[in-house]
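**Q** My questions are about this predicted structure, shown below with the sequence.
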Amino acid sequence: MTKPRQSAAVSGFVLKGATVVTNDDEGRVAPLDLRIRGGSIVEVKKKLAAKGDQEIPAHGMIAVPGLVNAHVHTVHALWRGLDDGLDFLTWQRERLWPLEGALTADEAEAAARLAMAELLLSGTTTVLDMGSVQHTDVLFQTAQKLGLRYIGGKAIMDQTQGLVAGLRETTESALAESVRLCERWHGQNDARLRYAFCPRSVLTASAAAWRACAHEARARGALLHSHVGQHADELPLCEGRLQQSAVSYLRGLDALGPNTVLAHGIWLSLDERKLLHESGTTVVHCPATALKLGCGVARLPEYLQSGLRVALGTATPAANDGQDGWRELRLACLLHRARGDQNALSPAKALALATKDGARALGLADVGVLAEGFRADIVLFKADGQAHLAPWKTDPVARLVFAARASDVDTVWVDGRMVVSHGELQTATLPSVVTAANRAASRVRSRVS
Ligand SMILES: [Zn+2]
């Protein structure tokens, strides 16, 4: 197996000999060399001379754009396997939120480090994180240290009825803190860190908070991120409280549009889908979490056919159990064939959703494609010599989507910075990340139970 190396001092490098899944408009998959300088891909050709840049041999490997995960909750990584057989609303209110509300800053950091380590090691380079009501600074700092391209924000839950103390807040304080965080983090770290205003849902955030978040997000070039139509049990609550569907309510608050990203979207009427489509709003498909929580299955093929903007996400690790984006896109690809349509979602389209489509939905026009002018967010897979990937040369995309494992990821660059090398995280010490997360998980659980 060829072993790429990159010296920390080198500013530019040429990745040589990999089979490159470019994800460009022609869908080119070919042996190509990539020149990376200043965090960007500056040249793509069959053969490139070093011209003073370091050469990194990658023969027998597949280079793909890093995955874009458009809905995560990194602080939930401490509660993987939180499976009590409770119905969705009870599980959320009585199990998940009390744990989340009890987190200290150190514990939130331990959770984020665990989540981000897993994301990078499995080849995800960009996330949109719902965060939590507290500790948002810690999440940005952790992303900065680990080298992830991170869009995140403070979750707003100013409808306080029945909420645990750690999540309760007033509308005024929630908005003031959101604006402070946006001013502190949006565009930092060479724009690898960006802010998203995050009213958590139509049931947990007030109309005033939604309106203000929609306005601030638009005025500041930030995203508006939330949940909608996750579980059928929410529908009567929405109708009772809002006297209309959730999406129609959001339209009335001026909260739909190309910078709005709504997770799940499983329970949507045709009218709601039309409103989302017409406004250019994105729905994030999160199949593993939806299945684990008994939410149902979003009608993804119909969404795509109708032109609705869609991205992929892993959602909460408390339900998903992990954040391996490859597992998620494989599930998305297989799940919709269960209705008998072999063309429901092709491997190439699934990969596009998890890369360039997701990036565009998050406002990142220069991410998700391996071509000149795009950011160097690259994942290198070990392909040769892997029994479960062979034979991979006839259709590398299909082999990756249906058969690749996180452990096949050899090297990951974000903005040209090597964050994983030979399968090892370069920006943190993995054993200490895992030990700290285990300790933090035990501490929170013992306090809350
Ligand atoms: Zn979520």
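**A** Nice, I can see it. Because the structure is predicted, anything quoted here is derived from the model rather than measured.

**Q** Next up, the contacts around F197.
**A** Contact partners of F197, counting by Cβ atoms under 8 Å, 6 or more residues apart in numbering, are 153, 156, 178, 182, 213-214, 216-217, 222-225. All C-beta spots, glycine's among them, are computed from the backbone N, C-alpha and C.

**Q** Now the helix or strand that contains it: buried residues?
**A** Using DSSP states H and E, F197 falls within strand 193-199. In terms of neighbour count (16 or more other Cβ atoms under 10 Å), strand 193-199 has its buried residues at 193-199.

**Q** Over the longest helix anywhere in the chain, what's the mean pLDDT, rounded is fine.
**A** Of all the elements of type helix in the chain, the one with the most residues (DSSP state H) is helix 430-448. If you average the pLDDT over helix 430-448, you get 96.

**Q** Do a quick rundown of the strands in the stretch 101-250 of the chain.
**A** 124-129, 149-152, 155-156, 193-199, 223-228 (DSSP state E, counting those that start in this stretch).

**Q** Contact distance from the ion - what residues of the stretch 301-449 of the chain qualify?
**A** Applying Cβ under 5 Å from the ion, we find that the stretch 301-449 of the chain lies next to the ion at A315.

**Q** for the buried residues of strand 193-199, which one is nearest the ion?
**A** Using Cβ to the ion, C198 comes nearest to the ion of the buried residues of strand 193-199, at 9.8 Å.

**Q** Who are the contact partners of the residue lying closest to the closest one once chain neighbours are set aside?
**A** Leaving aside its sequence neighbours, C198 sits nearest to G153 (Cβ to Cβ, 6 or more residues apart in numbering; 4.1 Å). Neighbour list for G153: 129-131, 136, 178, 181-182, 195-198, 222-223, 225 [criterion: Cβ under 8 Å, 6+ apart].

**Q** swap in V261?
**A** For V261, the contacting residues are 70-71, 128, 196, 223-226, 281-282, 284, 311, 361-362, by Cβ under 8 Å, 6+ apart.

**Q** what do you get if the cut-off is 10 Å, keeping everything else the same?
**A** 70-71, 128, 151, 196, 198, 223-226, 281-284, 309, 311, 313, 358, 361-363 (Cβ atoms under 10 Å, 6 or more residues apart in numbering).

**Q** who's in contact with R80?
**A** Residues in contact with R80 (Cβ under 10 Å, 6+ apart) are 114-115, 118, 316-323, 437, 441.

**Q** same deal with T104?
**A** With Cβ under 10 Å, 6+ apart, T104 has these contacts: 110, 134-135, 138, 166, 440, 443-444, 447.

**Q** Generate JSON lines for the strands of the stretch 101-250 of the chain, with distance to G385 as supplementary columns.
**A** Converted to JSON lines, these look like this (distance: least, Cβ to Cβ, whole Å):
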{"stretch": "strand 124-129", "distance to G385": "24"}
{"stretch": "strand 149-152", "distance to G385": "30"}
{"stretch": "strand 155-156", "distance to G385": "44"}
{"stretch": "strand 193-199", "distance to G385": "38"}
{"stretch": "strand 223-228", "distance to G385": "41"}
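
**Q** Now render those as a markdown table, adding distance to the ion and mean pLDDT.
**A** Conversion of the strands of the stretch 101-250 of the chain to a markdown table gives the following (distance: least, Cβ to the ion, whole Å; pLDDT from 0 to 100):
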| stretch | distance to the ion | mean pLDDT |
| --- | --- | --- |
| strand 124-129 | 10 | 98 |
| strand 149-152 | 12 | 98 |
| strand 155-156 | 9 | 97 |
| strand 193-199 | 10 | 98 |
| strand 223-228 | 5 | 98 |
